[in-house]
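Undergrad: here is my input; please provide its structure:
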Amino acid sequence: MPIRYDADLARFEAACTAEDALPLAEWLEATAAPRVDLSACTDLHTALLQLLIAAKPAVTAGPEEAFLARWVGPALGCGIPLSPPGRGPG
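TA: Numbers count the residues shown, from 1 in each chain. Next comes the predicted model:
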């Protein structure tokens with residue numbers, strides 16, 4: 001199972017697919033102060049990303065995979081900020 005749920009913490013592991021969206025949505029809705037750990041996530045379906053952006057759970061560990069760290073991390077409030085197009089890091 002790509003997402004493990006432990007009380008108020010969801011651990012994303014390996015490739016997390018669209019099939020994980022409904023259980024994640026239900027868990028986010030039922031959990032008072034949800035937290036997520038994305039450190040072991042290697043692939044994140046956009047349906048899951050949309051749920052995380054909408055629910056705004058606390059991110060205890062951002063993604064370590066390079067692409068996710070660069071593009072998904074900042075969208076969830078972790079990692080390095082994205083630079084405007086045509087500009088390098090400041």
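
Undergrad: where do the strands sit along this structure?
TA: Ranges of strands within the chain are 3-6, 9-16, 35-44, 58-61, based on DSSP state E.

Undergrad: contacts for the second one, please.
TA: When contacts are taken as CB atoms under 8 Å, 6 or more residues apart in numbering, the neighbours of strand 9-16 outside the stretch itself are 2-4, 24, 27, 34-38, 40-45, 48, 57, 60. Where C-beta positions appear, they are placed from N, C-alpha and C, glycine not excepted.

Undergrad: would you mark the buried spots in stretch 35-43?
TA: Under the neighbour-count criterion of 16 or more other CB atoms under 10 Å, stretch 35-43 has 35-41 buried.

Undergrad: could you export the residues you listed to TSV, including columns for pLDDT?
TA: What follows is these, written out as TSV (pLDDT from 0 to 100):
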residue	pLDDT
Arg35	97
Val36	97
Asp37	97
Leu38	97
Ser39	96
Ala40	97
Cys41	97
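
Undergrad: and which of those residues is nearest to Asp20?
TA: Of all the buried residues of stretch 35-43, Cys41 has the smallest distance to Asp20: 10.8 Å, by CB to CB.

Undergrad: burial of the nearest residue to that closest one once chain neighbours are set aside, as a residue count?
TA: Distances taken as CB to CB, 6 or more residues apart in numbering place Phe12 nearest to Cys41, at 3.9 Å, with adjacent residues excluded. By the criterion of other CB atoms under 10 Å, Phe12 has 25 neighbours.
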